[in-house]
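> When you get a sec, could you give me coordinates for this:
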Amino acid sequence: SVGLNIQLPEDFERGHRWSQQMSDCLEQPNETDAERNQTSIAGKSKAERSSHLKSRKQEFLRETTEKQKLLIELASGKGASDWLNALPLKKYHFDLSKLEVRDGLCLRYDWRIKNAPSKCACGEDFSLSHSLHCPKGGYTHLRHNIIRDTLARMLDEVCHDVQIEPRLQPLDGKTFSSNSTSVDHEARLDIRAKGLWHNKFIRTFFDVKVFNPLAKSCPKKLPDAYKYREALKTAKYEQRVIDVEHSIFNPLVFACTGGSSPSATKVIKRLAVSSAKDFEAVSSVLEAASRLAVRMPQLQEESECGIIFNGVFSVRESWQSLPCEEIDSLSARIENALTGPDLGFQRILASEDRSSLMPHVAGTNNWSMADEGVYGLSMSLYDQNPFTYKITADPNADCFGLCKRENNSVLVVCDGVNRGNKSRMAARSAAYGALRYINAHCFEQGEQPMNTHDVFALLHDALMAAHACVCRNVHWCTTICIALVVPLASDPTVHVVCTINVGDSYAFVARKTSAEKLNPAGDDESQTFIVEELTITSHDFTKDMGRETGGAIGPVTSNDDPLLNNLTYSLAYVKAGDIVFLTTDGVSDNFDPVVQKINPFAGTSKGV
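Below is the predicted model:
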């Protein structure tokens, strides 16, 4: 089926007519004749419905474009539509959220995502097809891994000695007749298992490929696309697996829109048959369940991690090009508040005298309410004098502030330019000014934002308020990053992170993804995270090291104006369990492959 299984009025009338004939059979005196007539009527009803749907489909196809025909073929693939009819069982993680269902429908019918930006975070034009294969953020790897892990768990039910990413044996000078066969000494395949085919001693290697059938480079006919992807995997690994490993090789190719290649279909069917023997169940039912078990996490991972829509959108020009989402009303009840280091912006004077503590800052006078979900830390990475035990760059010029309310949070981090008391005072003043402005306008004056564009306007004003506070308190500069986490009105389980930053203080999100590790000891399920930068556009990759501060607030220019060269607005979608965190360059430089000299600087954004 390519539709949503929504019954039309004409289907109801036809069903009522056939039901009436079935009930009339019950009035026949002979029970055997009644049962035989009902069977005949049911067969005729099924044949009529099948013929009717087939004629409607042919009529519809004559009026569609080539792309629409491809979408229909994708939606008609075996297993591609199972998620629409699945029961929302939480035990098996089949309980899709409203956002996941919406994204799944957009993927199914190639609909334009509402409020999607015109540009992707990688700089290319944003489209649904591009989002499915864009490597930005590592989402394609995450999508691949979730299918690999799901299949490995399924294999572990019927096979033994199941391993993920086993290393192939060294070649020791072995050569192959085909130049396309991999000779990499570090080559690994996705899964290895014993006992799927033939006897329990025969090993089978599997390698997973997820491709985008909507890509321009993909063959337009779906069977050709599957055949092409399978052929690439087979040419690369099959001869080595047979000659060196003395094992069987099965490529597992899946379309990101649902559906699987012939080889993957055979493997899933074999798993279902083997499971049916073990659990005394119907193999066709288990086959459908196996397809659903593969498709559901793939769909959820695409929606959750941004393959379809919910990625990171980061721009410099204007927040108007970012998605405009309606947000829920913001609660004013404070649950946690924290600032630091050394009491943070509660000290608005350079003096260390305790009398300089402010009694009430940004809605509360208790800024020591931390817990495992709301936490901050700042320490110096500069050298320590071995004789005086003083840090070279004392005092610490960073400052952070976090305020978590019932359904929203605001985070600020600042890094004073250079070092010394003026730098520290600039950072404290900026953090205080930003938090004070957001609290006053949202929770004291009641001017709450209605959508994400209003949030960005609020953040921009908060940044300028921080700049003004720095200029009043100290004639110095600081970098700054502000993040406001707010709930979506359409789905309160999904939050939006809106950030604004100037300089080299950045925002990140660690997204939680299910990744059970197969372990013979039976260890508990473990959680893994993928860390993604939200403020990616604030970097200038065209300059050597690409890691200059880029801008600062405070009296930078002769007119006491800020330097907003890399002023960046970013938006991302997060769910429960995701971790939003801000850092200064002392932390973020450790994530940078160029700074760590893992990758050489190439001089252009394409080379980095």
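> sec struct for residue 32, please.
helix (DSSP: H, G, I helix; E, B strand; the rest coil).
> wait, isn't residue 416 in contact with residue 426?
Yes - in this structure, residue 416 is within contact of residue 426 by CB atoms under 8 Å, at 4.6 Å. Every residue, glycine included, has its C-beta placed from N, CA and C.
> Now the common contact residues for these two.
Common neighbours of residue 416 and residue 426 are listed as 397, 476, 477, 478 (criterion: CB atoms under 8 Å, 6 or more residues apart in numbering).
> Can you tell me how far the first one is from residue 160?
Think residue 397. 58 Å (CB to CB, to the nearest Å).
> quick one: which of these two has more around it?
Higher neighbour count among residue 397 and residue 160: residue 397, with 26 against 11, using other CB atoms under 10 Å.
> and the more buried one, what is it in contact with?
Counting by CB under 8 Å, 6+ apart, residue 397 touches 415, 416, 418, 419, 420, 423, 424, 426, 427, 478.
> just the buried members of those residues?
For these, a burial check counting by 16 or more other CB atoms under 10 Å picks out 415, 416, 419, 420, 423, 424, 426, 427, 478.
> wait, is the third one part of a helix?
No - residue assignment for residue 419, taken from three-state DSSP, gives coil, which places it outside any helix.
> following the helix or strand bottoming out on mean pLDDT in the chain, which helix or strand comes up?
None of the helices or strands of the chain scores lower by mean pLDDT, DSSP states H and E than helix 283-305, at a mean of 66. Using DSSP states H and E, the helix or strand that follows helix 283-305 in sequence is strand 312-315.
> chain center to that next one: distance?
In terms of CA atoms, centre = their mean, to the nearest Å, the centre of strand 312-315 is found 14 Å from the chain centre.
> Show me what it is packed against.
Applying 3 or more CB pairs under 8 Å, 6 or more residues apart in numbering; DSSP states H and E, one finds that strand 312-315 contacts strand 568-575.
> quick one: buried residues of the helix or strand just after the strand it packs on?
Later in the chain than strand 568-575, the nearest helix or strand by DSSP H and E is strand 579-583. Across strand 579-583, burial judged by 16+ other CB under 10 Å covers 580, 581, 582, 583.
> Can you identify each of the helices in the stretch 151-300 of the chain by residue range?
Along the stretch 151-300 of the chain, counting by DSSP state H, counting those that start in this stretch, helices occupy 222-240, 262-279, 283-305.
> looking at those helices, which is closest to residue 254?
Between residue 254 and the helices of the stretch 151-300 of the chain, the shortest gap by CB to CB is with helix 262-279, which sits at 6.3 Å.
> Report the rounded mean pLDDT for that closest one.
Mean per-residue pLDDT for helix 262-279: 81.
> hmm, back to that, now the contacts of residue 397 as TSV including distance to residue 262 and pLDDT?
Output for those, formatted as TSV (distance: CB to CB, whole Å; pLDDT from 0 to 100):
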residue	distance to residue 262	pLDDT
415	56	91
416	62	87
418	64	82
419	64	77
420	68	80
423	64	88
424	65	88
426	64	91
427	61	90
478	60	92
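> Between all of the residues you listed, which two are separated the most?
Checking the contacts of residue 397 with CB to CB, the most distant pair is 415 and 420, at 13.1 Å.
> sorry, back to before: out of the shared contacts of residue 416 and residue 426, which one has the lowest pLDDT?
Among the shared contacts of residue 416 and residue 426, residue 397 has the lowest pLDDT, at 81.
> Endpoints of stretch 402-417, how far apart?
Start-to-end span of stretch 402-417 (CA to CA, to the nearest Å) is 21 Å.
> Run through the stretch 51-200 of the chain and note the low-pLDDT ranges.
113-123, 136-138 (pLDDT under 70).
> ranges for the strands of it?
Listed in chain order, the strands found in the stretch 51-200 of the chain under DSSP state E, counting those that start in this stretch are 160-164, 191-194.
> With respect to residue 448, which of those lies nearest?
Of all the strands of the stretch 51-200 of the chain, strand 160-164 sits nearest to residue 448, with 47.5 Å by CB to CB.
> The closest one - contacts with which helices or strands?
Using 3+ CB pairs under 8 Å, 6+ apart: strand 160-164 touches helix 139-158, strand 191-194.
> Distance to residue 333 and mean neighbour count added to those, as TSV?
TSV is the format used below for the helices and strands packed on strand 160-164 (distance: least, CB to CB, whole Å; neighbours: other CB atoms under 10 Å):
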stretch	distance to residue 333	mean neighbour count
helix 139-158	35	20
strand 191-194	49	22
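> Out of those, which is closest to residue 504?
Across those, residue 504 has its closest neighbour in helix 139-158 (25.1 Å, CB to CB).
> where's residue 468, which helix or strand?
helix 452-473.
> Only alpha carbons, please: show that helix as PDB.
Taking Å, rounded to 0.1, in the frame of the first residue of the first chain, the C-alpha atoms of helix 452-473 are listed here in PDB:
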ATOM      1  CA  THR A 452      11.600  30.800  17.900                       C
ATOM      2  CA  HIS A 453      12.100  34.000  15.900                       C
ATOM      3  CA  ASP A 454      10.900  35.900  19.000                       C
ATOM      4  CA  VAL A 455      13.500  33.900  21.000                       C
ATOM      5  CA  PHE A 456      16.300  35.000  18.700                       C
ATOM      6  CA  ALA A 457      15.100  38.600  19.000                       C
ATOM      7  CA  LEU A 458      15.200  38.200  22.800                       C
ATOM      8  CA  LEU A 459      18.700  36.600  22.600                       C
ATOM      9  CA  HIS A 460      20.000  39.400  20.400                       C
ATOM     10  CA  ASP A 461      18.700  42.000  22.800                       C
ATOM     11  CA  ALA A 462      20.200  40.100  25.700                       C
ATOM     12  CA  LEU A 463      23.600  40.100  24.000                       C
ATOM     13  CA  MET A 464      23.400  43.800  23.500                       C
ATOM     14  CA  ALA A 465      22.400  44.200  27.200                       C
ATOM     15  CA  ALA A 466      25.500  42.100  28.100                       C
ATOM     16  CA  HIS A 467      27.600  44.500  26.000                       C
ATOM     17  CA  ALA A 468      26.200  47.500  27.700                       C
ATOM     18  CA  CYS A 469      26.800  45.900  31.100                       C
ATOM     19  CA  VAL A 470      30.500  45.300  30.200                       C
ATOM     20  CA  CYS A 471      31.000  48.900  29.000                       C
ATOM     21  CA  ARG A 472      29.500  50.200  32.300                       C
ATOM     22  CA  ASN A 473      31.500  48.100  34.700                       C
END
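> Heading C-terminal from that helix, find the next helix or strand.
Next helix or strand after helix 452-473 toward the C-terminus (DSSP H and E): strand 478-487.
> Now do that next one: which elements does it pack against?
Going by 3+ CB pairs under 8 Å, 6+ apart, strand 478-487 lies up against strand 409-416, helix 421-439, helix 452-473, strand 494-502, strand 506-514, strand 579-583.
> is it true that residue 271 touches residue 155?
Yes - using CB under 8 Å, residue 271 is in contact with residue 155, at 7.0 Å.
> Now for the two: what residues contact both?
residue 196.
> Contacts only, for residue 127.
Contact analysis of residue 127 by CB under 8 Å, 6+ apart lists nothing.
> picking that back up, just put the helices and strands packed on strand 160-164 in TSV and tack on distance to residue 167.
Listed next are the helices and strands packed on strand 160-164 as TSV, based on distance: least, CB to CB, whole Å:
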stretch	distance to residue 167
helix 139-158	15
strand 191-194	10
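> what's the closest of these to residue 455?
Nearest of the helices and strands packed on strand 160-164 to residue 455, taken as CB to CB: helix 139-158 at 24.5 Å.
> which helices and strands does the closest one pack with?
strand 160-164, strand 191-194, strand 203-211, strand 248-255, helix 262-279, helix 283-305, strand 506-514.
> Mind checking the ones you listed for the one nearest to residue 482?
Evaluated over the helices and strands packed on helix 139-158, closeness to residue 482 peaks at strand 506-514, with 8.7 Å, by CB to CB.
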